[in-house]
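Peer 1: Predicted structure and sequence below. I'll ask about it afterward.
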Amino acid sequence: MEHIAAYVNDTEHAQAILLPLMTSQRSPTGWTIVICTPRLTRHIGRFAAQRSRRQWREQWAERLRLDMEPRLREQVGAERLTWLTAEGPLVELTQRMRRQHGESMRVLDARQSRLGTSLLPVSSEQLVREPGKRLVAPVAVSSALSLVLALAD
């Protein structure tokens, strides 16, 4: 049986990618949905203990799973759908899953990138494009300001 691991961090974006793929699968396919919780800023450490941060991550992952699970179960079935919350580096997690499910396991990155941040790679084969971190936010702000000024005239 073929196995696919999909990394997700947003319900609507992930469903837009995963649902067409799940309906097009003709052979039985096992799916592992890996939930990637958002990173907390480094300043949150002053105000939140490690235990409360872990609890927040678990609650966030559970909400995402509850939002996605009904639609995905309709397409695949409960017996072929596995949920996992990412802990640690994603490349190492992918390697562990490949040892478990076989080297032919396919990896799908269905995460949505946020403005000003770059996503970490999920496998060693994935190419990483570093956006100009210094320029992403200023370009977005100046573009929006230019649009406002053009519409004002």
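Peer 2: Received, thanks.
Peer 1: mean confidence for stretch 68-78?
Peer 2: For stretch 68-78, mean pLDDT is 83.
Peer 1: actually stretch 109-123, not the one I typed
Peer 2: Mean per-residue pLDDT for stretch 109-123: 74.
Peer 1: Tell me the span between the first and last residue of it.
Peer 2: 9 Å (Cα to Cα, to the nearest Å).
Peer 1: Begin at 829, not 1, for the rest of this chat.
Peer 2: Will do, 829 is the new start, and the previous item becomes stretch 937-951.
Peer 1: Pull out the buried positions in the helix or strand hosting L936.
Peer 2: Element membership for L936, per DSSP states H and E: strand 934-937. For strand 934-937, burial by neighbour count (16 or more other Cβ atoms under 10 Å) applies to V935, L936, D937. The C-beta positions use only the backbone N, C-alpha and C, and glycine is treated the same way.
Peer 1: Scan the chain for its longest helix.
Peer 2: Criterion DSSP state H: the longest helix present in the chain is helix 878-904.
Peer 1: contact partners of whichever helix or strand comes after it?
Peer 2: Next in sequence after helix 878-904, counting helices and strands by DSSP H and E, comes strand 909-913. Residues from elsewhere that reach strand 909-913 (Cβ atoms under 8 Å, 6 or more residues apart in numbering): 858-863, 865, 885-886, 889, 893, 897, 900-901.
Peer 1: tell me the mean pLDDT for stretch 925-934?
Peer 2: Here the average pLDDT along stretch 925-934 is 87.
Peer 1: can you pull the contacts of R893?
Peer 2: I861, I863, W911 are the contacts of R893 under Cβ under 8 Å, 6+ apart.
Peer 1: burial count for the second one?
Peer 2: In this case it means I863. As a burial measure, I863 scores 22 neighbours (other Cβ atoms under 10 Å).
Peer 1: Report the beta-bridge partner residues of it.
Peer 2: V836, T913 (DSSP bridges).
Peer 1: where's it relative to V976, distance?
Peer 2: From I863 over to V976 the distance is 37 Å, taken as Cβ to Cβ, to the nearest Å.
Peer 1: what do you get for R899?
Peer 2: 38 Å.
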